[in-house]
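# here is my input; please provide its structure:
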Amino acid sequence: MGAFMNLVYEYANYIILAGMLLQMIIILQVLVKVNRTDRRLQMIQGKVEDYLNVILTEDSGKEEPLVSRQEELMRDSIEKKRKQQEEAVFNAVLKEIFP
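Here you go, the predicted model:
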C-alpha cells in the first residue's frame, strides 16, 4: 500500500492534468451537442412560425366571408320585414276593396 501511495504522490500533478484534460474533452462534446440541438431547435422554430403564419393568413381570409355572411343575413332579414310590410299593406288594400 505504501508503494502505491508513493507512486500517487509522485505522479499527482500528471494525474490531475489528465483529469482536467478529460473534463475539457467532455465539456467540448457537450458544447457540440448543445450547438447541434440549438440549430435543430431554430429550424423547428422557423417551421412552426411558417406554419402559424399560414394558418393565421387562412383564418384572416375566412373572417371576411363571415362578415359578408353577416351582412347577407342582415339584408335577408330586412327584405323579409319589407315583404311582410308590403303584404300587410296589400292585404289591407284588398280588404278595403273586397270587404
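# longest helix of the protein?
helix 12-97 (DSSP state H).
# quick one: average pLDDT of that helix?
The average pLDDT for helix 12-97 rounds to 88.
# now do that helix: distance to the chain's middle.
Taking Cα atoms, centre = their mean, to the nearest Å, the mean C-alpha location of helix 12-97 is offset from the chain mean by 6 Å.
# going forward, count from 250.
Yep, numbering from 250; the last one is helix 261-346 now.
# can you tell me how far the residue nearest the centre of the chain sits from residue 290?
Of all residues in the chain, the one closest to the mean position by Cα atoms, centre = their mean is residue 301, 5.1 Å from it. If you measure residue 301 against residue 290 using Cβ to Cβ, to the nearest Å, the figure is 16 Å. In this view, the C-beta of every residue, glycine as well, is placed from N, C-alpha and C.
# roughly how far does the residue nearest to the centre of the chain sit from residue 289?
19 Å.
# count of residues packed around residue 294?
Using other Cβ atoms under 10 Å, residue 294 has 10 neighbouring residues.
# from residue 300, how far off is it?
From residue 294 to residue 300 the distance is 11 Å (Cβ to Cβ).
# now swap in residue 270 and tell me
45 Å.
# go on, residue 341?
Taken as Cβ to Cβ, the span from residue 341 to residue 300 is 62 Å.
# ok, now residue 272?
For residue 272 relative to residue 300 (Cβ to Cβ), the value is 41 Å.
# check residue 259 too.
64 Å.
# then residue 321?
32 Å.
# go on, residue 335?
From residue 335 to residue 300 the distance is 53 Å (Cβ to Cβ).
# kindly report the same for residue 289.
For residue 289, the distance to residue 300 - Cβ to Cβ - is 16 Å.
# how about residue 260?
59 Å.
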